[in-house]
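*Asks:* Please find the sequence and the predicted model below.
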Amino acid sequence: MLKVLDPGRWDFTTAAHLLNRAGFGGTPDEIQRLVALGPAKAVSSLVDVERIPDPTPNPSWARPDPERLQRLAALRQASPEQRQQMQREEQQLQRERLLELRGWWLERMAKGPRPLQEKMTLFWHGHFATSFQKVRDAYYMWRQNDLFRRFGLGNWTRLLVEVGKDPAMLIWLDQAQSRRQHPNENFARELMELFTLGEGHYTEKDVTEAARALTGWSLNRQTQEFVYRRAFHDNGVKTILGRTGNFDGDDVIRILVAQPQAALFITAKLWTFFAGESPSPELNQALADVFRRNGNEFKPLLRALFLSEEFYSPHLIRQQVKSPVQWLAGSVRMLERDLPPAQVCANLLRTLGQDLFAPPNVKGWDEGFAWISTSTLLARYNYSALLAEGVMAAGEMANRPRAMAAGRRMANRARAGRTGAVDVRKILTDEERRDKTLLLGALQKRLLQSNLKPKQERALREYLESKGDLDDDEIRGAMRLIMSTPEYQLT
């Protein structure tokens, strides 16, 4: 298990697989640079994120709000009518910030210099699924997102402690309201079931006792910071997973991480996320052993995973259904174009089933073929026209009024030759644009890193032949057709 990949197998296909799974794909030139590095250095170029400068500024409001106390005081003193108006204004402000936050994160995924760091941030967002719908504070959602970015490639215990004390999580799973007289079990239960062990590896008594130990972990809503409230903590003796003592929240997490099942659980989730299928018991044990030997640190685990023969098995390459975020960010990267406006991106991802900062439940999103249905597949095809040609399909625009205006603006800019459509001359040589055989090969290499099925390739070739001399709009039409194939929905 986890035999290191033979360097003789390192080529354009395997390098593209690494970049697709450990990030959001890339251009042929970016893939070729990984080929030239060799497997070990290519993996290091993604895993060792601290060596990569990231000058991306945070949103201007992504900091504790110094005026929060004054607003809370004013709200308490306001008349009922004034209070209602102030609440509406606050809700509108938070919605605007959430939209900006979604666009900000998508920009990092589609354009940022640290693709693996953003891919891991996306993984943790699904793992510790927290929704704005209950948190209702964009600053808290940004803060949690930044937490995943800072600690998501580090130590497992440290990450769990940071997440447990995170304001968004304290609100999401009601830990901030937990008291020794009435311990709230929500966080304790999900900590075991969804975050560390999985179902069947703990008892209801373990949940009850862990909830007692976690009392005291709370939130100061005025300072917007975690606070330990000693008066709320249950100082009694607890028994958790066979261990007895006067435990607190940090002890709970250490006890859980020490369970052999914890390493098996999290390494299986990571393998499934990156490889696209569940590991065999033997492979899962090998991954867990690497994780344990390296002190529950994620970077050594990911390095071993991305260098393993198993990760590059032919039955894994281009067999994972793209998540909506992977589809959008990857398309932008491969087409070397800008993201659509934030509102268009938000509508797009909501339509495709992955509304960032609003997972459907505490379990996060289902992956794989759950992303694909008749309606979401049709929507992908419609949005392919938007990304390639700068024009949203008329039916899609008609069904989404907020996207319609932005889509029309993009279409107008595309027709004016400015933005909205792919810059064909940027991504294709003059020779590739003139020679239809070369064009077909270049588009397949860029968009699929492989070839279409013979029937589809013939259909695309016939489309190109029917056009005579191709102009840029017809080449964009060919891109859209490739993006509307089943093969393009896989990575």
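*Replies:* That came through fine. Numbering: from 1, shown residues only.

*Asks:* Could you list the low-pLDDT ranges of this structure?
*Replies:* Low-confidence segments of the chain, defined by pLDDT under 70: 392-419.

*Asks:* Scan it for its longest helix.
*Replies:* With secondary structure taken from DSSP state H, the chain has its longest helix at helix 80-111.

*Asks:* counting contacts, what elements does that helix pack onto?
*Replies:* Applying 3 or more Cβ pairs under 8 Å, 6 or more residues apart in numbering; DSSP states H and E, one finds that helix 80-111 contacts helix 68-77, helix 115-127, helix 138-151, helix 324-335, helix 342-352. The way it works is simple: take the backbone N, C-alpha and C, and place the C-beta from them, glycine included.

*Asks:* Need the phi and psi values for the nearest residue to L438 once chain neighbours are set aside.
*Replies:* Nearest-residue entry for L438: E432, 4.6 Å, with adjacent residues in sequence omitted and distances by Cβ to Cβ, 6 or more residues apart in numbering. Backbone torsions for E432, taken as degrees, to the nearest 10, come to phi -70, psi -30.

*Asks:* From the chain's centroid, how far away is the helix or strand harbouring F265?
*Replies:* According to DSSP states H and E, F265 maps onto helix 260-275. Here the centre of helix 260-275 is set off from its chain's centre by 17 Å, with Cα atoms, centre = their mean, to the nearest Å.

*Asks:* Let me see the ranges of the strands in this structure.
*Replies:* Here the chain has its strands, by DSSP state E, at 217-220, 225-228, 238-240, 243-245.

*Asks:* Go through these and name the closest to F12.
*Replies:* Minimum separation from F12 across the strands of the chain (Cβ to Cβ) falls at strand 225-228, 47.3 Å.

*Asks:* didn't Q175 look like it was pressed against F187?
*Replies:* Yes - using Cβ atoms under 8 Å, Q175 is in contact with F187, at 4.2 Å.

*Asks:* shared neighbours, those two?
*Replies:* Both Q175 and F187 are in contact with G164, M169, L214, where contact means Cβ atoms under 8 Å, 6 or more residues apart in numbering.

*Asks:* ok, those residues vs A74, which is closest?
*Replies:* Using Cβ to Cβ, M169 comes nearest to A74 of the shared contacts of Q175 and F187, at 28.4 Å.

*Asks:* and the closest one, what does it touch?
*Replies:* Contacts of M169 (Cβ under 8 Å, 6+ apart): F128, T130, Q144, V163, Q175, F187.

*Asks:* How about the residue most central in space within the chain: what's its closest non-neighbour residue?
*Replies:* With distances taken as Cα atoms, centre = their mean, L122 lies nearest the centre of the chain, 2.3 Å away. Distances taken as Cβ to Cβ, 6+ apart place V325 nearest to L122, at 6.2 Å, with adjacent residues excluded.

*Asks:* A388 versus the one you found, what's the distance?
*Replies:* As judged by Cβ to Cβ, to the nearest Å, V325 and A388 stand 19 Å apart.

*Asks:* repeat for G420
*Replies:* Look at G420 and A388: by Cβ to Cβ, they are 10 Å apart.

*Asks:* Between the two ends of stretch 305-315, how far is it?
*Replies:* Length of stretch 305-315, first residue to last, Cα to Cα, to the nearest Å: 16 Å.

*Asks:* With stretch 52-68 instead?
*Replies:* 36 Å.

*Asks:* And stretch 173-189, by the same measure?
*Replies:* Stretch 173-189 has an end-to-end distance of 10 Å (Cα to Cα).

*Asks:* What residues of it count as buried?
*Replies:* L173, Q175, A176, S178, P183, N184, E185, N186, F187, A188, R189 (16 or more other Cβ atoms under 10 Å).

*Asks:* what's the nearest residue to the fourth one if we skip its chain neighbours?
*Replies:* Beyond its immediate neighbours in the sequence, the residue positioned closest to S178 (Cβ to Cβ, 6+ apart) is N184, lying 3.9 Å away.

*Asks:* contacting residues around the most far-flung residue of the chain relative to its centre?
*Replies:* Centroid-distance maximum for the chain: S79 at 42.6 Å, with Cα atoms, centre = their mean. Contact analysis of S79 by Cβ under 8 Å, 6+ apart lists nothing.

*Asks:* cool, L46 as well?
*Replies:* Going by Cβ under 8 Å, 6+ apart, L46 touches L18, L19, A22, G23, P115, L116, F306.

*Asks:* and of these, the nearest to V227?
*Replies:* For the contacts of L46, the residue nearest V227 by Cβ to Cβ is L116; the value is 33.6 Å.

*Asks:* Okay, domains of the protein per the record?
*Replies:* 7-47+260-312, 324-489 (automatic domain parsing).

*Asks:* Ok, which of those comes nearest N58?
*Replies:* It's domain 324-489; of those, that one is closest to N58 (Cβ to Cβ) at 15.7 Å.

*Asks:* what comes into contact with stretch 280-298?
*Replies:* With Cβ under 8 Å, 6+ apart, stretch 280-298 has contacts from 1-2, 120, 152-157, 257, 260, 263-264, 266-268, 270-271, 279, 300-301, 304-305, 310.
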